[in-house]
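K.L.:
Requesting a structural model of the entry that follows:
(one chain, ligands or ions: 2)
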Amino acid sequence: MKDESQVKITLPDGSERFYPKGVTALEIALSISEGLARNVIAAKVNNEVWDPTRQITEDSLVKLLTWNDEDGKATFWHSSAHLLAEALEALYPGIKFGTGPSIEKGFYYDVDLGGQTISQEDFPKIEAKMLELARQKNEYIRKPISKADALEYFTKKGDEYKLELIDGLEDGSITLYEQGGFTDLCRGPHIPNTGFIKAAKLTNIAGAYWRNKQENKMLTRIYGITFPKQKELEEYVTLMEEAKKRDHRRLGKELELFAFSEKVGQGLPLWLPKGAMLRERLQAFLSKAQSRAGYVPVITPHIGSKDLYVTSGHWDKYGKDSFQPIKTPNLDEEYMLKPMNCPHHCEIYKTSPRSYKDLPLRFSEFGTVYRYEQSGELHGLTRVRGFTQDDAHIFCRPDQVKEEFIRVIDLVLYVFKSLGFDDYSAQISLRDPNNKEKYIGRDEDWEKAESAIIEAAAERGLSTVTELGEAAFYGPKLDFMVRDALGRKWQLGTIQVDYQLPQRFQLEYTGSDNQKHRPVMIHRAPFGSMERFTAILIENTAGQFPLWLSPDQIAILPISEKFADYAEDVFFQLQDHDIRGFVDHRDEKIGRKIRDAEVTKVPFMLIVGEKEAAEGKLSVRRKGEGDLGSMTIEEFTAFFKKEAAIA
Ligand SMILES: [Zn+2]
Ligand SMILES: [Zn+2]
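P.N.:
Ligands and ions are numbered 1, 2, ... in the order given. Here you go, the predicted model:
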């Protein structure tokens with residue numbers, strides 16, 4: 001048992017250890033192993049990221065963070081923003097600072113250069129200064145400070161941006177961080193010292209309005225990225241070059257898959273014929289798999305009455321930041337563009353009385369939803385304002401949760417395998433055991449569902465990490481992460497238990513005891529959305545889709561106009577076998593036609609000339625492989641079918 005002078009530390013694996021009050025995450029790491037302590041750059045303490053050197057004075061849930069954790073990287077990069085600021089201040093005296101957060105890949109700092117200028121040519125000099133300062137291994141020191149003292153410090157320094165920020169802060173909550181000769185207003189957290197930063201690269205420079213407001217002054221935003229090893233920087237640079245080539249926004253345009261129009265509206269993708277074909281294929285593929293897995297399709301409208309979302313809780317939570325209600329000629333009638341399909345599906349559940357024998361019910365819908373994302377957040381197909389979820393809701397009894405999880409895991413893994421995502425892992429998000437009152441739903445149901453998820457994942461041999469305290473307040477969940485061809489991680493496929501909506505919508509079933517019971521609801525979407533998944537698929541395959549998905553699977557290339565009729569004839573015969581493509585009737589040399597088909601990534605080129613027309617054959621070329629020889633139409637069809645089979 002612990003005594004008064006100790007704190008109980010619960011680690012992510014659930015193990016408990018006792019330490020003297022005031023222990024730091026770094027000391028906890030050291031008590032486990034020296035190697036670990038060398039790599040700890042931050043810690044999650046009761047789900048808040050802390051300096052690893054900050055004293056822990058209460059019983060806490062502690063997760064040690066290294067470079068391999070997203071939060072660890074964020075801390076590393078945010079600390080690097082301070083290092084950049086220190087370097088800038090040394091090189092450009094009098095420079096003023098806005099804010100310097102970490103971003104998805106790296107960090108930036110917004111600065112007011114006064115009369116001075118910085119361009120990309122200055123980057124090497126700044127990078128060198130950053131590394132020089134990093135080698136000094138200066139500690140990041142956290143200093144709580146009163147509001148008055150903070151104001152005085154930055155008044156003396158003449159940094160009006162910091163003064164404006166301090167204005168909005170509450171006395172008693174303010175901290176400064178100091179490293180080397182540089183002091184910044186900052187909430188933290190930070191890595192132990194600058195020595196962890198071994199490689200630095202500035203990546204971009206741009207204008208940015210102070211606090212993102214157009215009426216404010218335009219500051220200079222300097223972007224950078226840093227690493228704990230030089231080798232990682234080199235890998236990053238190579239990766240960036242490859243990623244640029246695979247950028248789905250670029251390939252989407254080149255392959256004529258999708259487009260955006262200012263006139264239609266920001267973040268509202270237009271699927272072009274080839275993209276629509278691809279999407280329909282994906283949808284048909286998943287529909288078939290879902291039908292085999294016992295799902296039944298439902299269809300619901302794109303809007304719902306505001307009342308529906310008041311009941312679901314979405315109005316309260318997101319109403320203000322969403323597309324605003326749609327009015328009708330009737331004064332007290334209001335509708336919302338639907339942000340989620342779940343409320344509609346709850347109402348479908350309620351259309352008839354349900355018995356325990358009816359469950360599970362699995363309603364699936366490719367449901368289009370609308371969410372108002374800030375325009376700065378929009379990004380190709382990965383962040384849009386209108387998108388179609390491959391949604392489904394499973395309504396089941398508490399004792400069926402495990403079986404249903406296993407079935408959804410099987411479906412998700414089938415999707416991954418069929419589409420070439422071989423490297424995946426999963427995260428199980430559970431309750432914070434020290435804060436059970438934060439969550440809705442009965443304790444025994446939570447325990448049952450949590451162990452069901454853990455067991456289901458184990459039975460399917462998933463490699464998982466378990467995060468305590470990461471569950472939503474309405475239920476635990478399982479998230480899949482895939483690693484793409486460039487080693488980048490994407491979150492795909494979430495399976496989420498929900499105790500809240502069944503309660504809000506008063507869903508019931510009659511149990512074998514003849515009593516009313518509440519079903520458990522499970523949300524799941526293997527793709528996430530058609531838009532985001534397509535983007536990931538484009539980047540993972542570099543636009544070279546699996547044959548069964550390719551919008552154009554064949555290009556028939558007549559050597560000259562003389563063979564146009566034969567080419568058309570072949571085309572119709574292949575169409576009868578559900579082989580998609582086109583005849584290239586342009587008056588171009590055959591070499592040019594082949595090159596163009598290669599560029600647009602058509603998997604098979606079927607060349608027809610005099611000999612082929614006379615013999616009723618095709619000269620078959622495969623992209624990336626070259627000549628496969630001549631085949632009859634029957635031979636090619638049989639060969640194609642084998643190649644196009646879904647893994
Ligand atoms: Zn900071
Ligand atoms: Zn849902």
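K.L.:
Going by C-alpha atoms from here, please, whenever you check contacts or count neighbours.
P.N.:
Noted.
K.L.:
least trustworthy helix or strand in this structure by mean pLDDT?
P.N.:
helix 314-318 (a mean of 87; mean pLDDT, DSSP states H and E).
K.L.:
Could you look up the SS state of residue 263?
P.N.:
Of the three states, residue 263 takes coil under DSSP: H, G, I helix; E, B strand; the rest coil.
K.L.:
Would you quantify the distance from it to ligand 2?
P.N.:
31 Å (Cα to the ion, to the nearest Å).
K.L.:
Let me see the contact set for the residue nearest the centre of the chain.
P.N.:
Nearest to the mean C-alpha position of the chain, counting by Cα atoms, centre = their mean, stands residue 491 at 4.7 Å. Neighbouring residues of residue 491 by Cα atoms under 8 Å, 6 or more residues apart in numbering: 479, 480, 481, 482.
K.L.:
Most neighbours of all the residues you listed, which one?
P.N.:
residue 480 (22 neighbours; other Cα atoms under 10 Å).
K.L.:
Give the full set of residues in contact with that residue.
P.N.:
Per Cα under 8 Å, 6+ apart, neighbours of residue 480: 424, 425, 426, 427, 491, 492, 493, 494.
K.L.:
pretty sure the first one contacts residue 483?
P.N.:
Yes. At 6.0 Å, residue 424 counts as touching residue 483 under the criterion of Cα atoms under 8 Å.
K.L.:
A strand includes the residue nearest to the centre of the chain, no?
P.N.:
Yes. Judged by three-state DSSP, residue 491 forms part of a strand.
K.L.:
Okay, it and residue 295: tell me how far apart.
P.N.:
23 Å (Cα to Cα, to the nearest Å).
K.L.:
Quick check, residue 6 in contact with residue 60.
P.N.:
No. Residue 6 is beyond contact range of residue 60, at 11.4 Å (criterion: Cα under 8 Å).
K.L.:
coming back round to it: could you point out the helix or strand that follows the least confident helix or strand of the chain?
P.N.:
The element immediately downstream of helix 314-318 (helix or strand, assigned by DSSP states H and E) is strand 326-327.
K.L.:
Sheet partners, orientation included, of that following strand?
P.N.:
Here strand 326-327 is paired, per DSSP bridges, with strand 334-337 (antiparallel).
K.L.:
Identify the residues contacting the partner strand?
P.N.:
In contact with strand 334-337 (Cα under 8 Å, 6+ apart) are residues 302-306, 323-328, 369-370.
K.L.:
rerun that using 7 Å as the cut-off
P.N.:
Contacts of strand 334-337 from elsewhere in the structure, counted by Cα atoms under 7 Å, 6 or more residues apart in numbering, are 302, 303, 304, 305, 306, 323, 324, 325, 326, 327, 328, 370.
K.L.:
Spell out which parts of the protein neighbour ligand 1.
P.N.:
Residues of the chain lying close to ligand 1 by Cα under 5 Å from the ion are 186, 188.
K.L.:
so how far is stretch 560-578 off the chain centroid?
P.N.:
Put simply, stretch 560-578 sits 43 Å off its chain's centre (Cα atoms, centre = their mean, to the nearest Å).
K.L.:
Repeat that for stretch 269-288.
P.N.:
On Cα atoms, centre = their mean, the centre of stretch 269-288 falls 21 Å from the chain's centre.
K.L.:
Return the alpha-carbon coordinates of it using CSV.
P.N.:
Output of stretch 269-288 as CSV, limited to C-alpha atoms (Å, rounded to 0.1, in the frame of the first residue of the first chain):
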residue,chain,number,x,y,z
PRO,A,269,-15.8,17.4,-54.8
LEU,A,270,-17.1,16.7,-58.3
TRP,A,271,-16.5,13.2,-59.4
LEU,A,272,-15.6,13.0,-63.1
PRO,A,273,-16.6,10.0,-65.2
LYS,A,274,-13.4,8.0,-64.5
GLY,A,275,-13.5,8.8,-60.8
ALA,A,276,-17.2,8.0,-60.6
MET,A,277,-16.5,4.6,-62.2
LEU,A,278,-13.7,3.9,-59.7
ARG,A,279,-16.0,4.9,-56.8
GLU,A,280,-18.9,2.8,-58.0
ARG,A,281,-16.5,-0.2,-58.3
LEU,A,282,-15.4,0.3,-54.7
GLN,A,283,-18.9,0.7,-53.6
ALA,A,284,-20.0,-2.5,-55.4
PHE,A,285,-17.1,-4.4,-53.9
LEU,A,286,-18.0,-3.4,-50.3
SER,A,287,-21.7,-3.8,-50.8
LYS,A,288,-21.1,-7.4,-51.9
